[in-house]
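[1] here is my input; please provide its structure:
(one chain, ligands or ions: 1)
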Amino acid sequence: MPLFSVPKEVAVGTAMLGVAFATGMLAGKRYPSLVFGTPKSSKSIIGKSSPLWQYILDHSLREHPILKKLRLLTADHPWGKMMVSCDQAQLMANLVKLIKAKKVIEIGVFTGYNTLNMALVLPDNGRVIACDINEDYVKIGKPLWKEAGVEHKIDLRIKPAIQTLDELLASGESETFDFAFIDADKESCNEYYEKCLRLIKKGGIIAIDNVLWGGRVLKPRKDDLATQSIHHLNEKLLRDARVNISMLPMGDGVTLAFKL
Ligand SMILES: C[S@@+](CC[C@H](N)C(=O)[O-])C[C@H]1O[C@@H](n2cnc3c(N)ncnc32)[C@H](O)[C@@H]1O
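    Got it, this is the predicted structure:
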């Protein structure tokens, strides 16, 4: 089981109450500015039942057939909503290509949708360090990594991600990575960010998922450590002179931090 103190399903299921706060939130306003439908069971700000969501996919999604196969397979899993949204994954693949990344980190693999997504666009000698604690989830996607012919680019580390990041730092891999995706237990997101920032080169990118956490960041409860942790990182990133940032209302909110 994932180590979320608030299961993503719950956070997402109760998330938007039919309202996308996107523009208003980004502008620091307290009113909803865009209404896109009722994303009851969606992890996306634009509800997956919304015709706009379908329109976006119909007009932008270019998904490798094996990636699609893994997405459909994962969707049937009881925790399927933990999977990254496919439009967000495509953005990350485009960024990985744009910066000609060779070494990337995925913190939180689940069934490996985004791990496969990134491996597909890396050069043949590229490497994804894929971190998770739950091998049962990963086993679902692993055969498809092989089927897609990219298994050799994926270095799976089944142990707490902090430990893997510390090992990479200890083995002299600081400033050698191009891209990192942080998508595991939210209580550790600041630690993941700090360690990734050391591992990433200047010009590299860190993508942090769930930065809106189903809207809970608007009013973090004191006893809700996951939301507190995300909110503190969001506040810190706003003033972090080591990076430029963009916070995107995509999926459950993703911040891109560009290392200076
Ligand atoms: C939201 S899912 C990741 C989704 C994935 N990025 C994708 O593309 O679909 C979160 C994952 O983080 C893993 N996780 C939770 N705590 C962890 C930890 N301390 N270290 C490594 N992985 C962890 C869970 O087992 C789960 O598979």
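
[2] so what's the residue nearest to the spatial centre of the chain up against?
    Central residue of the chain (C-alpha atoms, centre = their mean): Asp209, 3.8 Å from the mean position. Neighbouring residues of Asp209 by C-beta atoms under 8 Å, 6 or more residues apart in numbering: Val84, Gln88, Gly108, Phe181, Ile182, Asp183, Gly251, Asp252, Gly253, Val254. The C-beta positions use only the backbone N, C-alpha and C, and glycine is treated the same way.

[3] one more: Ile140?
    By C-beta under 8 Å, 6+ apart, the residues touching Ile140 are Leu73, Thr74, His77, Thr111, Gly112.

[4] go again with 10 Å.
    By C-beta atoms under 10 Å, 6 or more residues apart in numbering, Ile140 lies in contact with Leu70, Leu73, Thr74, Asp76, His77, Phe110, Thr111, Gly112, Tyr113.

[5] from the residues you listed, which would you call buried?
    Neighbour counting over those (16 or more other C-beta atoms under 10 Å) leaves Leu70, Leu73, Thr74, Phe110, Thr111, Gly112, Tyr113 as the buried ones.

[6] how about a markdown table for these, with pLDDT added?
    Output for the buried ones among the contacts of Ile140, formatted as a markdown table (pLDDT from 0 to 100):
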| residue | pLDDT |
| --- | --- |
| Leu70 | 98 |
| Leu73 | 97 |
| Thr74 | 98 |
| Phe110 | 98 |
| Thr111 | 98 |
| Gly112 | 98 |
| Tyr113 | 98 |
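
[7] closest to Glu147 out of these?
    Leu70 (9.3 Å; C-beta to C-beta).

[8] any idea how far Leu116 is from the closest one?
    Separation of Leu70 from Leu116 (C-beta to C-beta, to the nearest Å) stands at 6 Å.

[9] what is in contact with the two at once?
    Joint contacts of Leu70 and Leu116 (C-beta under 10 Å, 6+ apart) are His64, Gly141, Leu144, Trp145, Glu147, Ala148.

[10] quick check, the third one in a strand?
    No: with DSSP: H, G, I helix; E, B strand; the rest coil as the criterion, Leu144 is helix rather than part of a strand.

[11] the ligand versus Ala241, what's the distance?
    According to C-beta to the nearest ligand atom, to the nearest Å, Ala241 stands 28 Å off from the ligand.

[12] check the closest residue in space to that residue that isn't next to it in sequence and give its pLDDT.
    In this structure, Ala241 finds its nearest non-sequential neighbour in Leu260, 7.6 Å apart by C-beta to C-beta, 6 or more residues apart in numbering. For Leu260, the pLDDT comes out at 98.
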